[in-house]
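Peer 1: coords please:
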Amino acid sequence: MRRAVPLALGLALGSLAAGSSSAEPSTIVVYADMDDDDNDGRPDHTADKVTGRAGENVRRLKSQLGDLMGIDGTSTRLLVGDQPLLGKTSAARELGLQGVSVGLSRLRFSKGEVSVQVLELAAYDTQNQQVNLATSHASVSRVVPSLLGSPAGASDGDDPDALYWMVTGDPGYLPDRLTLTSTAAGGSGLDTLSNVPLSPVSCPAGLPEHQCRRTPAIRAVGDPVDRQHPAVRGTSLLAEVGGRIAVQIDGREVLSIRVGGPRHTALGPIERLRATVKTHIVRAAAGGTPPVGGTDAGAIKLLGEELQTASGLWGQCGVHFGLTDELEIQVVDPPPPFLLGVGCDLGLPASGGELRFRANGEVIRVRTQRFDTPSAVAERVRAQLTAAGFRAVVSANAKIARGALRTADVLVHDAKGNPARLERLPDQPLSSDATLAVCIGDVDLSDGLTHFSDYDAAAGTLEERTLIKAFDDGDPTTIELFVIPSFARSGRIGESFIYADGASVRNAVILDRAGIRAGARSHTLAHEIGHILLDMPGHPDDYGVDMPSTLMDADAADATIFGPRRLSVEECERALRQSGPGTPAPLLSPWPLYANGRAGL
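Peer 2: Residues are numbered from 1 along each chain as shown. Model prediction:
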């Protein structure tokens, strides 16, 4: 193999004298700077100014060979400082070397000559199509890995998200191994795949004078279980949407590629989308310990990790739930009984009577009339409360399966905006109306949260509504997450409320601590968020073939690589159609991979 000048360029080049033409010219090896480290959507070797991360990949030549007298060849671009050299001569004692294309350039100095051998490192998908490092991205694999004991299993070429890394150039300078590293969306180190072998392959058409070497197909994965499976450990790299995959050769980073969503969908390439989740970890009683984590700080840390895990899985669709230090997570007390449910569940019309209750000790009485709807009575209650100095809001509910009419909740706060405490009058019913029932919502988590059934799923139970509406921010583009100690009288570990006509509770997820403890067996949080993003109340296997490896499977519980963790491209497309930019209340907003705001959608 021919000699290449080491990184200490000044020392090596300083030994060449003006009359040493018989000596073989020293050679510097660089790689074509085709990536986009400054995130402007252009290859770095075309940038008008090379700064920041882009400047870190520029080779600096501190020559003692005098002035630059000329350049032969077009494969190299020279920089003076951070600016491209416009001509072919320079008196600068330090030059930056940027590879432009595969080939050889010669730099002629007044006291000697230096050769620059430019190699090209490129990414190709499994259909042998080159992936543009400046305008495209790597994507997270969604395929169950091959080589798992079945001769008919998928091959590398069946994973459209995997990438080959190919080095092209003079055979005397081609490396035989490289290293891949990944960083998270926030810039911290994530994973390393060392000593990946490069094997000889045929070069693409148009490069007859060069040789090529290529890695195996490398999978970017969002799940540590996927990363560590023995069959694919040597060809998998943990990656995160919004982060990068970098390639190192001989200990030096030569280029990188961003990580985004699937490159090929019916809606076009998906770069990155953000979903905002506001998390409320609810204590069983005021001032008590949180249901998970042991302490408030431990609970917040644990839920941050859960959301990062969900981001890893939903990265298959380019969806991320935010950087760790941006997540909105708080530990809260259960709300007081501040909600009056008019109509309770069945929503029967009034037949005439009186509603009686106390709000912060003040007696409130409201007459009902025959044929009044629950919503009409709720408005009358609101007006009475407002006249008494309270802040009251009417929140109508969807009609349940067995209901006659829609019910309505009255949310009561004092003049300062704090939840009021509603109570029955001693020895008196809340309603003397024979048909119109009235209930006070009370969140008592000591015996578990009463959850909805098939009959009242559209509205949720009174206890669920009281909990969710107490913390509702009024923003239909956010997802509210509640973590509770347990659900009452069932094995339920998570549930979600999706958009429904007339529903006042929507885009909310409730998990109990068993749902958190289930971890990788069920990925409960990512699954329940999936119901909301997909606007899908059921599961793909409810009426079709059971597919336990899919995230949205109804009943899968498997912590291995075969468990519920895959999302299809079709599901990504559905999430965009139902919750993406352009929908009436988008839960997914563009989060561009590029600094100039360019996004694929």
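Peer 1: quick one: neighbours of the closest residue in space to Gly353 that isn't next to it in sequence, just the number.
Peer 2: Closest residue in space to Gly353, ignoring its immediate chain neighbours: Asp433 at 3.2 Å, by CB to CB, 6 or more residues apart in numbering. Glycine gets a C-beta too; all of them are placed from N, C-alpha and C. When counting by other CB atoms under 10 Å, one arrives at 23 neighbours for Asp433.
Peer 1: pLDDT score for Asp433?
Peer 2: Per-residue pLDDT puts Asp433 at 97.
Peer 1: hmm, Glu354 and it touching each other?
Peer 2: Yes - counting by CB atoms under 8 Å, Asp433 does reach Glu354; the two are 7.3 Å apart.
Peer 1: between these two, which contacts overlap?
Peer 2: Common neighbours of Asp433 and Glu354, using CB atoms under 8 Å, 6 or more residues apart in numbering, are Thr368.
Peer 1: who touches Thr373 in this structure?
Peer 2: Pro349, Ala350, Leu405, Arg406.
Peer 1: gap between Asp546 and Ser496?
Peer 2: 21 Å (CB to CB, to the nearest Å).
Peer 1: just say helix, strand or coil for the residue nearest to Gly353.
Peer 2: Put simply, Asp433 is coil when judged by DSSP: H, G, I helix; E, B strand; the rest coil.
Peer 1: and it, what does it touch?
Peer 2: So Asp433 contacts Ala350, Ser351, Gly352, Gly353, Glu354, Leu355, Thr368 (CB under 8 Å, 6+ apart).
Peer 1: now Phe109
Peer 2: So Phe109 contacts Ser63, Leu65, Gly66, Asp67, Leu68, Met69 (CB under 8 Å, 6+ apart).
Peer 1: quick one: the last one and Ala91 touch, right?
Peer 2: When you say that, I think you mean Met69. No - counting by CB under 8 Å, Ala91 is not a contact partner of Met69; they are 10.3 Å apart.
Peer 1: out of these two, which sits in the more crowded spot?
Peer 2: Ranked by neighbour count (other CB under 10 Å), Met69 and Ala91 place Met69 first, with 15 against 9.
Peer 1: with adjacent residues omitted, what lies nearest to the more buried one?
Peer 2: In this structure, Met69 finds its nearest non-sequential neighbour in Arg108, 4.7 Å apart by CB to CB, 6+ apart.
Peer 1: neighbours of Gly538, how many?
Peer 2: 10.
Peer 1: what's the helix or strand for it?
Peer 2: For Gly538, there is no helix or strand it lies in under DSSP states H and E.
Peer 1: low-scoring stretches of this structure, by residue?
Peer 2: Applying pLDDT under 70 to the chain flags residues 1-25, 146-157, 206-208, 501-502, 595-601.
Peer 1: the longest helix belonging to the chain - contacts with which helices or strands?
Peer 2: Ranked by residue count and defined by DSSP state H, the top helix of the chain is helix 296-314. In this structure, helix 296-314 packs against strand 277-282, strand 319-320, strand 328-332, strand 479-484, helix 513-517, helix 524-534, with contacts taken as 3 or more CB pairs under 8 Å, 6 or more residues apart in numbering; DSSP states H and E.
Peer 1: among these, which is the most enclosed?
Peer 2: strand 319-320 (a mean of 28; mean count of other CB atoms under 10 Å).
Peer 1: list the contacts of that one.
Peer 2: 185, 240-242, 261, 272-275, 311, 314, 533, 575, 588, 591.
Peer 1: Leu238 versus the residue nearest to Ala123 when sequence neighbours are not counted, what's the distance?
Peer 2: Computed as CB to CB, 6+ apart, the closest residue to Ala123 that is not its neighbour in sequence is Val131, at 4.4 Å. Distance, Val131 to Leu238, by CB to CB: 19 Å.
Peer 1: ok, Asp223 next?
Peer 2: 8 Å.
Peer 1: ditto for Arg370
Peer 2: 66 Å.
Peer 1: do the same with Asp296
Peer 2: Relative to Leu238, and taking CB to CB, Asp296 is found at 29 Å.
Peer 1: who's more crowded, those two?
Peer 2: Using other CB under 10 Å as the criterion, Asp296 and Leu238 rank with Leu238 on top: 21 against 16.
Peer 1: so the residue nearest to Met69 is in contact with Asp67, correct?
Peer 2: No - applying CB under 8 Å, one finds Arg108 not in contact with Asp67, separated by 9.9 Å.
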